[in-house]
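Asker: structure for the following, please:
(chains A and B)
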Protein chains: 2
Amino acid sequence: MNKRTKTLVALAVIAASASALAQQGPKPENLIKWRQSAFQVVAWNSGRIKASLDGQYNKDEVLRAANTIAAVANSGLGSLFAPGTEQGKGWHDTSAKPEAFKDTKHFGELGASFAKEANELASLAAGGDAAAIKTQYGKLTRTCKACHDDFKAKD
Amino acid sequence: MNKRTKTLVALAVIAASASALAQQGPKPENLIKWRQSAFQVVAWNSGRIKASLDGQYNKDEVLRAANTIAAVANSGLGSLFAPGTEQGKGWHDTSAKPEAFKDTKHFGELGASFAKEANELASLAAGGDAAAIKTQYGKLTRTCKACHDDFKAKD
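Answerer: Purely as a prediction, here's the structure:
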């Protein structure tokens, strides 16, 4: 290549890189921070439901909490486990096991189970039958545990 | 008081403190962590809506994101700003200004505006009129800014 061609090639590479950068979306550290935040919101609301079921049942409290968990479960959490986020730090180092990025089929199935049981809980919470809600809450928390067992490193 | 009475009083104080501790609910640092997480979930989903409106509109993506913001806005965020959380560290030192705990009426009103506009956005997102969604998204983000101006310290 002559000098002019080399310069053109170099410019084309820079332009392509800039374009790729613009299209690649959020930074990995943001994706990790967001997924850690999303699961904390689930933990907060799961705790509210448990406290209400173990103590004095409050229909409105349980409904708000169940709706929040369902919305997060349906939000598209999988997009927060994009390639490039296998390792790294959001609020803290990721707790996701490497398997979450390898066995994406099973990971996705467990995510779908979580959303299914969360939707059912939100539906029951609107009705206000505390006994039925308690049974369904147990089903929901088992989907949390199943996913943690396979895809979340121990703290 | 004789010695026996003093002992009984001391035991009663201990019992009352233990009871208060059991009833007081989550620790302040957890409440702060949860509110920081909740607003990060809002930020994530707000960014998704903006990206879809600025780029190629994706109805499903916008609907999931709008539903998540609405659920968080309706979740009872005020309870995460309980007395005792004026200062402290969740994921990081709280960004809430002291005013959030003093002018609770105005803080509550801005929270209610946020929920109102978020609910309207979720409703429009289900319809899929991108222009109407864009206008409503602008209304929603102005409620974010209004509250940040009054109650959130600069980063």
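Asker: show me which residues of chain A are close to chain B?
Answerer: When proximity is defined as CB under 8 Å from any CB of the partner chain, chain A approaches chain B at A:25-26, A:30, A:33-34, A:36-38, A:40-41, A:43-45, A:47, A:51, A:61, A:64-65, A:67-68, A:70-72, A:74-76, A:80, A:91. All C-beta spots, glycine's among them, are computed from the backbone N, C-alpha and C.
Asker: show me those that map onto helices.
Answerer: Of these, the ones assigned to helices by DSSP state H are A:30, A:33-34, A:36-38, A:40-41, A:43-45, A:47, A:51, A:61, A:64-65, A:67-68, A:70-72.
Asker: on that earlier part again, quick check: ChimeraX command selecting the buried ones in the residues of chain A next to chain B.
Answerer: Selection of the buried residues among the residues of chain A next to chain B in ChimeraX, burial being defined by 16 or more other CB atoms under 10 Å in any protein chain shown:
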select /A:26,30,33,34,36,37,38,40,41,43,44,45,51,61,64,65,67,68,70,71,72,74,75,76,80,91
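Asker: quick one: contacts of stretch A:85-95?
Answerer: The contact list for stretch A:85-95 (CB atoms under 8 Å, 6 or more residues apart in numbering or on different chains) reads A:28-37, A:96, A:98, A:101, A:152-153, A:155, B:91.
Asker: from the chain's centroid, how far away is that stretch?
Answerer: 13 Å (CA atoms, centre = their mean, to the nearest Å).
Asker: so how far does it reach from one end to the other?
Answerer: 11 Å (CA to CA, to the nearest Å).
Asker: for that stretch, which residues meet the burial criterion?
Answerer: So stretch A:85-95, judged by 16+ other CB under 10 Å, has buried residues A:85, A:86, A:90, A:91, A:94, A:95.
Asker: likewise stretch A:115-123?
Answerer: For stretch A:115-123, a neighbour-count test (16+ other CB under 10 Å) marks A:115, A:116, A:117, A:118, A:119, A:120, A:121, A:122 as buried.
Asker: then stretch A:132-140?
Answerer: Within stretch A:132-140, the residues that qualify as buried by neighbour count (16+ other CB under 10 Å) are A:133, A:134, A:136, A:137, A:140.
Asker: kindly export it (C-alpha atoms) in PDB.
Answerer: The C-alpha trace of stretch A:132-140 is given here as PDB (Å, rounded to 0.1, in the frame of the first residue of the first chain):
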ATOM      1  CA  ALA A 132     -53.000 -19.200  48.500                       C
ATOM      2  CA  ILE A 133     -50.400 -16.400  48.300                       C
ATOM      3  CA  LYS A 134     -48.200 -18.200  50.900                       C
ATOM      4  CA  THR A 135     -48.200 -21.400  48.800                       C
ATOM      5  CA  GLN A 136     -47.400 -19.500  45.600                       C
ATOM      6  CA  TYR A 137     -44.700 -17.400  47.400                       C
ATOM      7  CA  GLY A 138     -43.100 -20.700  48.300                       C
ATOM      8  CA  LYS A 139     -43.100 -21.700  44.600                       C
ATOM      9  CA  LEU A 140     -41.600 -18.400  43.600                       C
END
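Asker: now residue A:151: closest residue in space, sequence neighbours ignored.
Answerer: residue A:100 (4.3 Å; CB to CB, 6 or more residues apart in numbering or on different chains).
Asker: which of the three states applies to that neighbour?
Answerer: Classification of residue A:100 by DSSP: H, G, I helix; E, B strand; the rest coil places it in helix.
Asker: pLDDT score for it?
Answerer: The per-residue pLDDT reported for residue A:100 equals 97.
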